[in-house]
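>>> Generate coordinates for the sequence data below:
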Amino acid sequence: MQTTRLRLSVASLVVLLLLAGTAGAAPTDGGERSVTVTDDSGKTVLIRGEPQRIVSLAPSNTEILYALGLEDRIVAVTERCDYPPATANKPKVGGFSTVNIEKVIAMEPDLIFAAPANTDEVIGRLRSLGMTVVVLDTQTIDGVLHDIELVGRATGKEERASVLVEDLRGRIGAVAETVAENPADRPSVAHVIWHDPLWVSGRGTFQDEVITLAGGTNAFGSVDDWSIVSLEEFITTNPDYILVSSGSGMDRGEYDAIYNYIINEPRLQRLDAVRNDRVYVIDADVVSRGSPRIVDALEEVAGYLHPGASRTSTPEATGAVQSPGFGGIALSGALFIVFLLRTKK
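Residues are numbered from 1 along each chain as shown. All right, here's what the predicted structure looks like:
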């Protein structure tokens with residue numbers, strides 16, 4: 001009798017451990033997979049089954065989905081979703097902040113990944129129509145890693161997400177180790193997203209975090225978010241390094257307008273960064289989106305500031321275009337992009 005009781009106790013313990021291990025990802029009564037996730041808006045979302053028709057309403061969301069190998073399940077993206085290049089072949093459901101609800105519905109999605117810039121009205125409307133919506137609102141590099149795991153859990157790609165996050169953490173750690181070897185060498189770095197007027201990245205931005213983790217000090221860390229600074233203030237600050245977002249100005253045929261302005265403006269010629277050829281073009285999308293590529297930006301900037309962090313030599317300053325970035329924008333376009341940056345980092 002005691003043996004029988006012991007066996008029953010052990011069996012019960014095993015069952016409890018199995019249930020604990022599958023909490024939040026348990027099958028429904030019909031054997032269907034079911035998970036509950038809490039998205040970045042604090043909303044608890046129940047996802048039944050393994051989503052096969054996914055719509056992404058933000059470029060960073062799309063990049064995460066592709067990084068997890070979910071390209072075959074993506075049925076639509078926005079017009080702003082341009083990476084990887086294969087997104088060009090995906091149906092479009094409007095702009096980043098101008099989502100066409102009718103087009104989204106027509107795609108019959110079983111899961112939608114949204115962002116705050118899609119607006120509360122659009123997200124609320126989709127949910128009211130019975131759509132399953134998960135909002136991603138990454139604010140930091142750690143937030144990117146968290147959202148990769150969140151997306152992995154929501155789509156049944158937990159293992160793939162875990163491997164990706166481990167790889168990204170390893171790369172971040174490698175940069176941190178190199179920076180730690182030069183604790184006293186933290187040059188001042190300015191990141192310029194537009195030049196007329198001068199818009200710079202301040203504290204609370206992805207760019208500020210990238211600069212800091214890469215071993216630099218944000219020359220404009222005293223300002224909040226993305227802000228305008230005067231030319232006089234920029235000259236007085238005299239950063240050791242200047243990072244400029246890629247892209248063109250009024251004409252798509254004119255590449256890297258910000259870079260060209262910095263190195264050709266007579267009043268900036270005495271800046272240390274200009275005199276020492278330390279003005280670098282960085283892909284505007286890579287350094288602005290909450291996707292796995294933010295670690296690419298970290299490695300790139302670390303390579304400029306501390307050669308050896310992620311490459312064998314310091315990249316050469318260049319005016320060659322690296323991505324569409326801020327292509328084709330006048331001042332009004334620049335202001336709009338700052339709006340997008342504020343609503344979705």
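>>> C-alpha from now on. contacts and neighbour counts both.
OK.
>>> Mark out where each domain of the protein begins and ends.
Residue ranges of the domains in the chain are recorded as 25-156, 185-343, according to automatic domain parsing.
>>> Mind checking the pLDDT average for the shortest one?
Yep, that's domain 25-156 we're talking about. Averaging the model's pLDDT scores along domain 25-156 yields 94.
>>> Report the distance from that domain to the chain centre.
For domain 25-156, the separation from the chain centroid amounts to 15 Å (computed by CA atoms, centre = their mean, to the nearest Å).
>>> Quick one: closest of the domains of the chain to Thr178.
For the domains of the chain, proximity to Thr178 was assessed by CA to CA; domain 185-343 is nearest, at 5.4 Å.
>>> Quick one: closest of the domains of the chain to Ser162.
Taking CA to CA as the criterion, Ser162 comes closest to domain 25-156 out of the domains of the chain, the separation being 6.6 Å.
>>> Correct me if wrong: Val37 contacts Glu149.
No: counting by CA atoms under 8 Å, Val37 does not reach Glu149; the two are 10.6 Å apart.
>>> Could you check which of the two is surrounded by more residues?
Glu149 (23 against 18; other CA atoms under 10 Å).
>>> so how far is Val134 from Thr38?
Between Thr38 and Val134 the distance, using CA to CA, to the nearest Å, works out to 8 Å.
>>> Common neighbours of these two, please.
Both Thr38 and Val134 are in contact with Val45, where contact means CA atoms under 8 Å, 6 or more residues apart in numbering.
>>> between these two, who's got more neighbours?
Using other CA under 10 Å as the criterion, Thr38 and Val134 rank with Val134 on top: 28 against 14.
>>> Show the contacting residues for the more buried one.
Under the criterion of CA under 8 Å, 6+ apart, the neighbours of Val134 are Asp39, Lys43, Val45, Leu111, Ile112, Phe113, Ala114.
>>> rerun at 6 Å
Counting by CA atoms under 6 Å, 6 or more residues apart in numbering, Val134 makes contact with Asp39, Phe113.
>>> Make sure I have this right: it is in a strand.
Yes: the secondary structure assignment for Val134 places it in a strand, going by DSSP: H, G, I helix; E, B strand; the rest coil.
>>> From Ile64, how far off is the residue nearest the centre of the chain?
Nearest residue to the geometric centre of the chain (CA atoms, centre = their mean): Gly290, 1.2 Å. When distances are taken as CA to CA, Gly290 and Ile64 turn out to be 9 Å apart.
>>> what do you get for Gly152?
9 Å.
>>> between those two, who's got more neighbours?
Taking Gly152 and Ile64 together and counting by other CA under 10 Å, Ile64 has the greater number of neighbours (24 against 20).
>>> May I ask which helix or strand encompasses that one?
Element membership of Ile64, judged by DSSP states H and E, is helix 59-67.
>>> Toward the C-terminus, what is the element adjacent to that helix?
Defined by DSSP H and E, the subsequent element after helix 59-67 is strand 74-76.
>>> any idea which helix or strand comes after that next one?
Once the chain leaves strand 74-76, the next helix or strand it forms, by DSSP H and E, is helix 101-106.
>>> I'd like the domains of the chain written out as JSON lines, with distance to Ser162 added.
Below are these laid out as JSON lines (distance: least, CA to CA, whole Å):
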{"stretch": "domain 25-156", "distance to Ser162": "7"}
{"stretch": "domain 185-343", "distance to Ser162": "13"}
